[in-house]
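S.K.: quick one, structure for this:
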Amino acid sequence: MTGRFRCYGILGHFLPRERRGQWFVQSCARAATLKNAIEALGVPHTEIGRVTVNGMPASPDRLVRNGDAIEVYPWTVQPLPDGQARFAADAHLGGLARFLRMLGFDTWHERAPSDSLLRRLAHEQRRVLLTRDRELLKCRDVLFGCYVHERKPEAQLVEVVVRFELATRMRAFSRCLACNVPLRAATREDAQRYAPQAELSRYVEFRRCPACERVYWPGSHYARMQAALGRLLG
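M.R.: Below is the predicted model of the structure:
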């Protein structure tokens, strides 16, 4: 059987150039769902915001019928349920992971994770999988995911914050940038191992990571990060 398809907006990124922004005909397997048929075009299910069939809203589980006119729209915003603003970033998104931790979001990241580990984290811990690997996002055990289109970490951060409406959930500088663990209050004595007394005497607030024991205080680096986040996110 065949269907007529049109993919809108940024979904064109996943299609051959000649199919972008226009209708095209595509053969489908019998008993294929809309989800299956759209993924066969190259669009991961995590990127499907809305689907219409013959002008009417349709569920991704609906079966494709011969001659269907199928329109696929991307997410504009995708608010996450309470408690699910948690992320797993693949090996190539270390800069983005650090920025998300800087804003206080639980963001798992390792330098060389296996695809099976990323899928397990996405499924068992219900983390949003952030990646530039479209095939990874097509796996059925990835419940929430995001194909990150931007290439620079600063632009990637804006892309993710806007898509998942994270601006009101930020708790900046509350999480360790190195190991992702929530920070705890610390004393000046705790910080003395990391900075000279003359530097620390200017500050009264310190935080320490209970896992790696790094100590943080609002020094010049703090002001620079605040300014950078302000420019990026307004």
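S.K.: pLDDT value on A228, please?
M.R.: Looking at A228, its pLDDT stands at 79.
S.K.: for it, what are phi and psi?
M.R.: Backbone torsions of A228, given as degrees, to the nearest 10, read phi -60, psi -50.
S.K.: and stretch 204-219, average pLDDT?
M.R.: pLDDT averaged over stretch 204-219 gives 89.
S.K.: next one: stretch 37-50
M.R.: Averaging pLDDT along stretch 37-50 gives 97.
S.K.: go through that stretch and flag the buried ones.
M.R.: 37-39, 41-49 (16 or more other C-beta atoms under 10 Å). Where you see a C-beta, it was placed from the backbone N, CA and C, and this is true even at glycine.
S.K.: same thing with stretch 93-111?
M.R.: Using 16+ other C-beta under 10 Å as the test for burial, stretch 93-111 gives 93, 96-109.
S.K.: ok, residues contacting the helix or strand of the chain with the lowest mean pLDDT?
M.R.: One helix or strand of the chain scores below all others by mean pLDDT, DSSP states H and E: helix 197-200, with a mean of 75. If you take C-beta atoms under 8 Å, 6 or more residues apart in numbering as the criterion, helix 197-200 is touched by 188, 191-192, 206, 217, 219.
S.K.: what do you get if the cut-off is 10 Å, keeping everything else the same?
M.R.: With C-beta atoms under 10 Å, 6 or more residues apart in numbering as the test, helix 197-200 has contacts from 188-189, 191-192, 194, 206, 215, 217, 219-220.
S.K.: now those residues as TSV including distance to L129, secondary structure and neighbour count?
M.R.: Output for the contacts of helix 197-200, formatted as TSV (distance: C-beta to C-beta, whole Å; DSSP: H, G, I helix; E, B strand; the rest coil; neighbours: other C-beta atoms under 10 Å):
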residue	distance to L129	secondary structure	neighbour count
R188	40	helix	16
E189	41	helix	9
A191	36	helix	19
Q192	40	coil	13
Y194	34	coil	15
F206	34	strand	22
V215	32	strand	19
W217	34	coil	21
G219	34	coil	13
S220	35	helix	8
